[in-house]
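Q: Curious how this folds, go ahead:
(chains A, B and C)
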Amino acid sequence: MKKQLPVWLGFALALVFLPSIFDSVLGISILNQMTIWIIFALSYNMLLGQGGMLSFGHAVYFGLGGFMSVHALNLIADEVLVFSITLIPLVGGAVGLVAAIFIGSFSTRKSGTVFAMISLGIGELIVASSLIFADFFGGEAGVTGDRTYGPPFFGIEFLQDAEVYYLGAFWLFIATLFMYLFTQTPAGRMANAVRDNPERAEFIGYSTRRVRFISFCAAGLFAGIAGGLFAINYEFITEENLNALTSGRVLLMAYIGGLGFFIGPIVGAVILTLMNSLLSNYSEMWMLYLGIMFLLTVIFLPRGFAGFIMMHQIPWQNRRLGTLILPYSVTTVPALVFLAAFVGLVELSHKGDDILPFFGLSLGAESMLSWGILLALAGIGALGVKLSRPRLAAAWAFANTPTADDRGDVR
Amino acid sequence: MTLILGLRRPQSKHHQSKHHQSKHHQSKQHLNIAQAAAGQSLTRRASLSIGALVCAFSFSAATAQEPVRLGFMDPLSGTFASVGTSGLNVLEFAADYFYNSKGGILGGRMIEIVPLDNKQSPTETQLQFRRAVSEELRIIFQGNSSAVANTLNQTISKHNRRNAGQEVLQINYAAVDPILTNEECSFWHFRFDAHAVMKLDVLTDFIAMNDELSSIYIIGQDYSFGQVVADNTIRLLGEKRPDIEIVGTEFHPIGQVKDFTPYVTKIASSGADAVVTGNFGADMVSLARSIIDSGLDVPIYTFYAAYDGITATLGADGKDRIRLIHTDRANPLASDERRDFYRAFKAKHPNSDITQSRLANALMMVVQAMEQSQSTDPYDIAVQLEDMRFTSIAGDELWMRGEDHQLFQPLYISKQTDEGIEFDADNSGFGLLTEYEVGTSETITEHSCRMRRPRR
Amino acid sequence: MFEVFVFATLNGLVTGLLLFMLASGLTLIFSMMGVLNFAHASFYMLGAYFAYTLSAYLGFWGGLLFAPLIVGCIGAAVERYGLRRVHQSGHVAELVFTFGLAFLIEEAVQFFWGRDTKNYQSPELFDFALFTLFGQEFSAYRGFMIAIACLIFGALYFVLTRSRVGIIIQASISHPQTVANLGHNVPLIFMCVFGVGTALAGVAGVIAGPVLTTFPGMAAVLGSIVFVVVVIGGLGSLPGALIASLLVGLLQSYAIAADVGMPELLHLLGLSFDSSHPLNDLWTLNLPQIAPVLPYLLLVLVLIFKPTGLMGNREQ
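A: This next block holds a predicted model:
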């Protein structure tokens, strides 16, 4: 833990200083989204990455936490309850925990596909009931609240999104810290053991069911905290935040980031939040790009982006990381050219009569020249990648071979 | 380019001595400048002055030609994209046809429509709203989904309250939940569509006029709009024709029903003479299809059963059966200007139809408000819009009531047919023929809005 | 009353068999290859769209013949070039891959065919009423749907249990190494199974497209219920899938037809609540309102009490 103190310090500092760099309304909004989704994705990883439990209904705890939190906001505004809204995530967490205890009592008996399917069924049932029980869930328009009517927190009334960011960042830090500490506890370690070899865990006396249940409840708790944060940020919540699509999103974030690493979901949440927020502003075909990204990540980066970064640990230890820079650049440049040309082709075929601005050129769907340019670029890019691959493979092998240290021993 | 070269000063000696290469490069540049200076001093001066003129001109032109940016928030991708995209097409086309092609507004400013894709999700709506604020879009057009409209209304209210001077205006062109101009009315929200109760009032009048109908079956999506349709149909028909029996009221979850045949079985066994529904999208098509496939020969009274492929899919089977209540007269179109507008739109988008000409009306009224107040500030526009009377290109008399910001306009009931259709839907040969119309003054209803006005 | 019951049974039968057509392919792929194929409904959508385009040139029958072939080829290609590489990374990787594939297919469909609803009609041959019962027609097309679904079940069952090919397929799923040692090309088998599975989904699309509306959201509507049906039926069991589909179809159909609900139950118990009661939504609940979610309730109950599914013999 001591070795990691600088990492935590760096994390805290980054959280404090990020809004100064990205200070536009849009930037703050994206940062706020990230605080929510990082907590949510980390909580999901407690289930999947650490516990080996694939769940299709994790958004239930997020959503239920969120709904209760918005109701709490309303109760605070009506002065039925009086406490600072900074504690709302705790309300969400409590609800998430209670729901997880209830649902986990029967769903954690089995793992694997059975668990996954039960979670799907439960998720759909809860979504359906949210539309039926309109009093609590507000029907399809959801429930709204107002965060500015609570007792001020040292004078701050949270009128602005930027103020809410610091609250979110605080909870993000706390939640991440506790989730990390959980992985160091016996419960967390046993969750890993049960994931890898349930039979063996049973042999040494642990009830796999109990271990899974504890992980499940902890995951529900933190998902509820994320829900509470959502409630504060957007001051509303709808059944959309409970549904399978939201569950799917967090699954993707955890996977794309890298399931086997603690920071994996953080990376995944950041990447997918950026893509979801910015991509759709620039192109109507964002779903296509997102789908392709998933496919490519699954095929080429099966351990996620965090896995990709961690893959470089050995070259780093061999002090040969620098040797990889040139081969990477040589492969990346044509890859980027191919990517740009591909995007250009997709967008051009979608444009109709409009003009597509492409790095200073104006391309029209009618002109054969435009198509020719893009196809040529795509071809050059693909060829470049193909030709440079052997060199990259060789460089990679070299970077991974152990070096002899000063005493002549092979490390 | 000459301008830049002409103005560049020779590099300092310090810089020159650093790199051998750059020194060589610098002397070369010296040569070029010297050449330019020596041989073309006249050209240089001329280019300088022309450059200055260009700069000055573009600067002044830039301030005059800064576009008026209007946001359009609707689903532009995903399952509901077809409705949002057709709305965007209409708005952009109207802006070009009426204003941009004729020199713009407010002294030469072009209108620019900025699309904001909210994927029909209330959460995404909030994010896109923040993006709009970030890009300083002060006017947002939105229409699809009352849930989204509600979310937007409340988000805008909070934002406007907390950020005085940066208010945003919501131009609602299609969300018909009555509460938006009643309990949840807001100074910053204007609705340009007749709301559900207004439409039902006219629809029930039409049904009441039909002596052959003695029983009605109501089926709808299980959410606020579906429930409003059911409750008010029962109430209004009870007032106008107490003898008409409501033989069934059915709610089904939105977008979840794959096959409507079981519901149609119930409709058939109830012996209903007609069906009333507020369904839209796939739910509407599936329901209509199932009713027709079962051989039930009853008229279907709807709000949204046309365009976006629905008319084509129902085709001959829907002839004389599908009826809609809507704004803006269908065939025959009310005026030649309307026909010209439609033809011009079809020329640009041959595979689309003008499904929501309310957007054009809304745009024109907003522009008139801007011209009258010579401002693009939302408050000034709102003040002008209140109680504005406007005549649309179809000759419809439009009145925006200031008390609740609800627009009143003539309402029409049309049926699907291929006879007497000048402008069809989905290029299918079938379209809407208007059978019944009600003037503006007869559509006026009461409201329960207690609007809080901002102090300025 | 009797007529409602008869029609409800007929409707349930049609819905159930439709679901089976879709689930049959997934049974092959999911039960047998263990691949959580979230793109299965997307292949169904592709089948409908291809049939829509082909039927404009070759008529409905041409669409029925060729569209599933095209979809099957696409499926086989997906398995050969995509899924195979992902298989070694585990189940979640396959899941994410098929997620991405589902996105891709939905976007591609909107890209090539547009976003509006497509006018895909059933063939005129079946444009008559097979019989009319109590004033409501039962269209011949639905009879055709029933026939095709039964045919599919019969053919699949025969191939899998009686033919040599079927035995080899069943063996290679549980003991791929042994089968490979015996000289069979196991990767080719898997590719063909996947291709056939997706082709079956395509057939479902061709047949159901005119009835269930052909539009870009058609995959999303059926996506999760197909999994529900396969799991309820039990992994590895084709008869189980059929029974589960029928069960789900009939359950929904009866629930919609039965105009009963909580008010009747409360009346039976002698209770009544005011409309201002906080749980009023619960007391006014009736069966038709919750009909589409009954399959999920059934799923949860089955998985709690019989985790291997109704007729399943393996656990994953």
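Q: okay, now C:Ile256: neighbour count?
A: By other CB atoms under 10 Å in any protein chain shown, 28 other residues sit near C:Ile256. Every residue, glycine included, has its C-beta placed from N, CA and C.
Q: Touching, it and B:Pro262? I think so.
A: Yes - the criterion here is CB atoms under 8 Å, and C:Ile256 meets it with B:Pro262 at 4.1 Å.
Q: which neighbours do these two share?
A: C:8, C:291 (CB atoms under 8 Å, 6 or more residues apart in numbering or on different chains).
Q: which residues does the closest residue to chain A within the stretch 301-450 of chain B contact?
A: In the stretch 301-450 of chain B, the residue that lies nearest chain A is B:Lys348 (8.5 Å; CB to the nearest CB). Contacts of B:Lys348 were listed using CB under 8 Å, 6+ apart, and they are B:Phe93.
Q: who in the stretch 201-316 of chain C is up against chain B?
A: Applying CB under 8 Å from any CB of the partner chain, we find that the stretch 201-316 of chain C lies next to chain B at C:211-213, C:215-218, C:220-222, C:225, C:252-253, C:256-257, C:259, C:288-289, C:291-293.
Q: Can you tell me which of these are also in contact with chain A?
A: Counting by CB under 8 Å from any CB, the members of these that reach chain A are C:289, C:292-293.
Q: Can you say which of the residues you listed are buried?
A: Applying 16 or more other CB atoms under 10 Å in any protein chain shown to these, the neighbour count classes C:289, C:292-293 as buried.
Q: quick one: low-confidence parts of chain A?
A: For chain A, applying pLDDT under 70 flags the ranges A:1-2, A:352-353, A:404-411.
Q: swap the cut-off to 50 and go again
A: By pLDDT under 50, the weakly predicted segments of chain A are A:406-407, A:411.
Q: Which positions in it make contact with chain B?
A: A:24-27, A:29, A:33, A:128, A:131-132, A:139-142, A:144, A:146, A:148, A:159-161, A:234-236, A:238, A:240-241, A:277, A:280-281, A:284-287.
Q: Swap in 6 Å and give it another go.
A: Chain A comes close to chain B at residues A:24-26, A:29, A:139-141, A:144, A:159, A:234, A:238, A:240, A:280, A:284, as judged by CB under 6 Å from any CB of the partner chain.
Q: Counting neighbours, what do you get for residue 247?
A: Unless you meant another one, I'm taking chain A. So A:Ser247, with other CB under 10 Å, has 24 neighbours.
Q: Chain C was what I was after
A: The burial count for C:Leu247: 20, using other CB under 10 Å.
Q: residues contacting B:Ala272?
A: B:215, B:217, B:247 (CB atoms under 6 Å, 6 or more residues apart in numbering or on different chains).
Q: scratch that, A:Leu125
A: Per CB under 6 Å, 6+ apart, neighbours of A:Leu125: C:Tyr296.
Q: which residues of the stretch 51-200 of chain B score low on pLDDT?
A: B:51-62.
Q: What segments of it are helices?
A: B:81-94, B:122-134, B:146-162, B:196-209 (DSSP state H, counting those that start in this stretch).
Q: Could you pull out the helices in the stretch 51-200 of chain A for me?
A: Using DSSP H, counting those that start in this stretch, helices in the stretch 51-200 of chain A cover A:59-77, A:88-107, A:113-132, A:134-137, A:161-184, A:186-196, A:198-203.
Q: which of those helices sits most buried?
A: Of these, the one with the most neighbours on average (mean count of other CB atoms under 10 Å in any protein chain shown) is helix A:59-77, at a mean of 27.
Q: so does that one get close to chain C?
A: No - counting by CB under 6 Å from any CB, chain C is not contacted by helix A:59-77; separation bottoms out at 12.6 Å.
Q: okay, the helices of the stretch 51-200 of chain A in TSV with distance to B:Ser86 next?
A: Output for those, formatted as TSV (distance: least, CB to CB, whole Å):
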stretch	distance to B:Ser86
helix A:59-77	32
helix A:88-107	40
helix A:113-132	28
helix A:134-137	31
helix A:161-184	33
helix A:186-196	50
helix A:198-203	54
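Q: What residues does the stretch 1-150 of chain A have near chain C?
A: Of all the residues in the stretch 1-150 of chain A, those lying near chain C are A:106, A:110, A:112-114, A:117-118, A:121, A:124-125, A:128, A:132-135, going by CB under 6 Å from any CB.
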